[in-house]
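K.L.:
Pasting the sequence and the predicted coordinates here, then a few questions.
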Amino acid sequence: MSDAARFAAAGAVAATAWAVLEPLDRRLFRYDYSDVAVLGKFVTPGPAWRPLGLVLHAANGAAFGLAYREAKRRRGWSALRLAMLEHVALYPLSALVDRHHPARGTAGIPKLLTPQAFGQATVRHAVFGALLGRLA
């Protein structure tokens, strides 16, 4: 397996693990926020949202794995550091989901600019980054 394929696969696996852990953190934080729902319900309002959301989430993880490969090579950054930087930098874009997502307010897509959603996203990115670093 090539170096790039290994990092992409590690990102896809880490993103899939994130998706598997979502029900647990949704109970822990008592907040119904799901990245899989945000992605899947953006593509379709029908019952295929969950598998499509999982595929999109894994694809995002693979792309992030490739970005991590470059950040590690060029800057020596850890996957955890890159994941947390991405989280903090892009979290404010949740305002766009809150205003414009076609399924906002449905199951899995509550208001995202809240302390609970920020906490969930922080934990998710930390788990993702740690797992990506371990697998890559």
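P.N.:
Perfect, I can see it now.
K.L.:
Now the element after the helix or strand containing residue 84, going C-ward?
P.N.:
Remark: residue 84 resides in helix 79-90, with elements defined by DSSP states H and E. Elements were assigned by DSSP H and E; along the chain past helix 79-90, the next helix or strand is helix 94-100.
K.L.:
Can you list the buried residues in that following helix?
P.N.:
94, 97-98 (16 or more other Cβ atoms under 10 Å). No exception for glycine: its C-beta is placed from N, CA and C like everyone else's.
K.L.:
ok, which stretches of the chain are helices?
P.N.:
Secondary structure of the chain (DSSP state H): helices at 3-29, 35-43, 49-75, 79-90, 94-100, 115-135.
K.L.:
how close does residue 84 sit to residue 16?
P.N.:
Separation of residue 84 from residue 16 (Cβ to Cβ, to the nearest Å) stands at 20 Å.
K.L.:
now do residue 121
P.N.:
Here the distance between residue 121 and residue 16 works out to 17 Å (Cβ to Cβ).
K.L.:
Now do the contacts for residue 29.
P.N.:
116, 119-120 (Cβ atoms under 8 Å, 6 or more residues apart in numbering).
K.L.:
Highest neighbour count among the residues you listed?
P.N.:
Most neighbours among these, by other Cβ atoms under 10 Å: residue 120, with 22 neighbours.
K.L.:
Tell me the confidence at that one?
P.N.:
According to the predicted model, the pLDDT of residue 120 comes to 96.
K.L.:
ok, now residue 1?
P.N.:
pLDDT, residue 1: 84.
K.L.:
number of nearby residues for the closest residue to it other than its chain neighbours?
P.N.:
The shortest distance from residue 1 to any residue that is not its chain neighbour, by Cβ to Cβ, 6 or more residues apart in numbering, is 7.4 Å, and that residue is residue 9. When neighbours are counted by other Cβ under 10 Å, residue 9 registers 17.
K.L.:
gap between residue 9 and residue 121?
P.N.:
Summarising the geometry, the distance separating residue 9 from residue 121, computed by Cβ to Cβ, is 23 Å.
K.L.:
Great, nothing more from me.
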